[in-house]
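Peer 1: Everything below, folded, please.
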Amino acid sequence: MANDDREVLGWLEFGEASRHLARDVLHSGFAPDVVIAIARGGLLLAGSIAYALGTKNCGALNVEFYSDIDERLPEPIMLPPMLDAPSLLGKKVLLVDDVSDSGRTLAMVMQLLAASGADVRSVCLYSKPGTVQEPDYVWRRTPNWVTFPWSALPPVGVSA
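Peer 2: Take a look at the predicted model:
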């Protein structure tokens, strides 16, 4: 649902969206050997899609690009721990993120995985009009800022 130039995703709708995306992957004929999340945004979606596809081999890459709401670093950067790239040679990899906003993170990681010899496809809940990397599978397209259920509230603080 849209709200003041925001797209708001709830938990129930997230569950439906992740199963919808898993069906899209399955119907396309792509059967991933590995599901890799771009952390942090892609972690929950990657797990949900991996369960829906029955894919047990999962991993994550830590990439930082956003430093705050609408504030980005000049370029996306990889953070440790790094993925065991040689183990991906010849594997079908499904790369998962929450949104392809600029698309620069998705493009960088797809190139990295392809350079490791993987057959890579990408999936995102949302894609934005200005993205440089359109996901292979996308649930919705929106120009709006997206509020996800896992990041709608601030971090839990320690109360005295």
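Peer 1: For the most centrally placed residue in the chain, list the residues it contacts.
Peer 2: In the chain, the centroid-proximal residue (CA atoms, centre = their mean) is D97; its distance is 0.5 Å. Under the criterion of CB atoms under 8 Å, 6 or more residues apart in numbering, the neighbours of D97 are 37-38, 41-42, 45, 105-106, 122-124, 135. C-betas here are computed from N, CA, C, even on glycine.
Peer 1: can you pull out the strands in this structure?
Peer 2: For the chain, strands defined by DSSP state E occupy the ranges 6-8, 34-39, 58-68, 71-79, 92-100, 119-127, 137-141, 145-147.
Peer 1: To D24, which of those strands lies closest?
Peer 2: Ranking the strands of the chain by their distance to D24 (criterion: CB to CB) puts strand 137-141 first, at 4.7 Å.
Peer 1: how many degrees apart are that closest one and strand 119-127 in direction?
Peer 2: Using axes from the mean of the first three to the mean of the last three CA atoms, to 10 degrees, the direction of strand 137-141 lies 20 degrees away from that of strand 119-127.
Peer 1: Check which residues of strand 137-141 are buried.
Peer 2: 137-139 (16 or more other CB atoms under 10 Å).
Peer 1: so the residue nearest to the centre of the chain bridges to which residues?
Peer 2: Here D97 sits in beta bridges with C124, going by DSSP bridges.
Peer 1: so K56 touches V34, yeah?
Peer 2: No: with the criterion set as CB atoms under 8 Å, K56 and V34 do not qualify as a contacting pair; they are 9.5 Å apart.
Peer 1: Quick check: neighbours shared by the two?
Peer 2: Shared contacts of K56 and V34 (CB under 8 Å, 6+ apart): none.
Peer 1: Among the two, which residue is more densely surrounded?
Peer 2: Neighbour comparison, K56 and V34: the larger count goes to V34, with 21 against 10 (by other CB atoms under 10 Å).
Peer 1: so the more buried one makes contact with T55?
Peer 2: Yes: in this structure V34 lies within contact range of T55 using CB under 8 Å: 7.3 Å.
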